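Enquirer: attaching a predicted model along with its sequence, questions to come.
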Amino acid sequence: MTNTNDLLSKVQGGIGWITLNRPKALNALSLDMIRNLTQLLKEWETNSSVNAIVIQGAGDKAFCAGGDVRAVYDAKKSGDLETCDAFFREEYTLNAHIHSYPKPYVALLDGIAMGGGLGVSVNGSHRIVTERALLAMPETGIGFFPDVGATTFLNNVPGAVGLYLGLSGTHLKAEDALWAGLATHFLSSTCLSSFKKDLEQGKPLEDTLTAYCREPQEKGFLEHHSDVIDMHFSKSSLKEIIESLATDPSPFAQNTYNTLTSKSPTSLAVVFRQLKEGKTLSFLARMKLEFRLSQHFVKGHDFMEGIRAVLVDKDRLPRWKPPRLQDLSDRDIDTYFAQLNERELEFGRPA
């Protein structure tokens, strides 16, 4: 077993096993973890004794709660813009590598999986959720945007539900993740230990999945509400979506309206355009777009304010600038999509 403190790895039963090992931080991804994970995947890609990858989180709470954006915040505060560039550049390059990985890549989502945690799971070939799984892309609540490949995987969700998820940051249970295509298999947490033991003993992956995985017993929130979500979120502008929700007295609409109006107006406007324009782009073009957005957000006000309010001071009272959608112009949003010229994200290998 290789031990790099925050990332554990071993090869057993023809499987390359990876454990994200920061349980006290809910296994949030640091830049060092991103680099070590990237190196492992490159090595195992050409290792004939590794037939598949399994990635999991340490502890009993989380697979991975996201990228370590607090570290990005601290770097920006200290004027270390190189780290702000490197973190997202290397994270998105890793996400693209996982997306095109030539071997089965199995993520065990038994607990919290959010933000960057979805980047190192949903982009892979197999995403197994247990009844303890809780997935989300909550970035609009910290003045950011759904990244790590979300321009692709949210656009693959049926109807307008992906836009709803990207704007609202709604938390998804196992049934929702399966319906939305973010997960591929359901496994009871009580069977997880036996499932892993069988893989360690060299039993074939697909046979083991067939033996253990089952359909969930109930429909989830998204399936029950997909029609009303489509009705509101298929509107042609963000303003129309919010007006539609505001005039609908149903509990779903009012709760969603209140949720959206608590988010960063800049984030909402950028995400609406990101997901609409991203529909026609290739996967790599979407990743390049996300890097462009990340760098403009890091320079802006709302990302730093959102991190302050949620992770630093923890008062959960962000003071967005501007505070209202109607105070944003098209030109304001255009700046987030501006080219980075020589700093554009480039991929040195096919992905």
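Expert: That came through, no problem.
Enquirer: can you give me the strands for the stretch 101-250 of the chain?
Expert: 105-109, 112-114, 126-129, 134-136, 185-186 (DSSP state E, counting those that start in this stretch).
Enquirer: possible to save these as JSON lines with distance to residue 41, mean pLDDT and mean neighbour count?
Expert: The way it works is simple: take the backbone N, C-alpha and C, and place the C-beta from them, glycine included. What follows is those, written out as JSON lines (distance: least, CB to CB, whole Å; pLDDT from 0 to 100; neighbours: other CB atoms under 10 Å):
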{"stretch": "strand 105-109", "distance to residue 41": "8", "mean pLDDT": "98", "mean neighbour count": "26"}
{"stretch": "strand 112-114", "distance to residue 41": "19", "mean pLDDT": "98", "mean neighbour count": "26"}
{"stretch": "strand 126-129", "distance to residue 41": "15", "mean pLDDT": "98", "mean neighbour count": "26"}
{"stretch": "strand 134-136", "distance to residue 41": "22", "mean pLDDT": "98", "mean neighbour count": "23"}
{"stretch": "strand 185-186", "distance to residue 41": "21", "mean pLDDT": "98", "mean neighbour count": "20"}
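Enquirer: export those strands to a markdown table and tack on distance to residue 32?
Expert: Listed next are these as a markdown table, based on distance: least, CB to CB, whole Å:
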| stretch | distance to residue 32 |
| --- | --- |
| strand 105-109 | 20 |
| strand 112-114 | 20 |
| strand 126-129 | 24 |
| strand 134-136 | 25 |
| strand 185-186 | 30 |
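Enquirer: residue ranges of the helices in the stretch 1-150 of the chain, please?
Expert: 31-45, 69-77, 81-99, 116-119, 150-153 (DSSP state H, counting those that start in this stretch).
Enquirer: I would like the residues contacting the second one, please.
Expert: Surrounding helix 69-77, the residues in contact under the criterion CB atoms under 8 Å, 6 or more residues apart in numbering are 30-31, 81, 83-84, 87-88, 115, 142, 144, 298, 304, 307-308, 311-312.
Enquirer: kindly report the same for the last one.
Expert: Contacting residues not belonging to helix 150-153 are listed as 99, 118, 122-123, 137, 162, 166, 181-182, 274-275, 278, 281, 283, 286-287, 289-290 [CB under 8 Å, 6+ apart].
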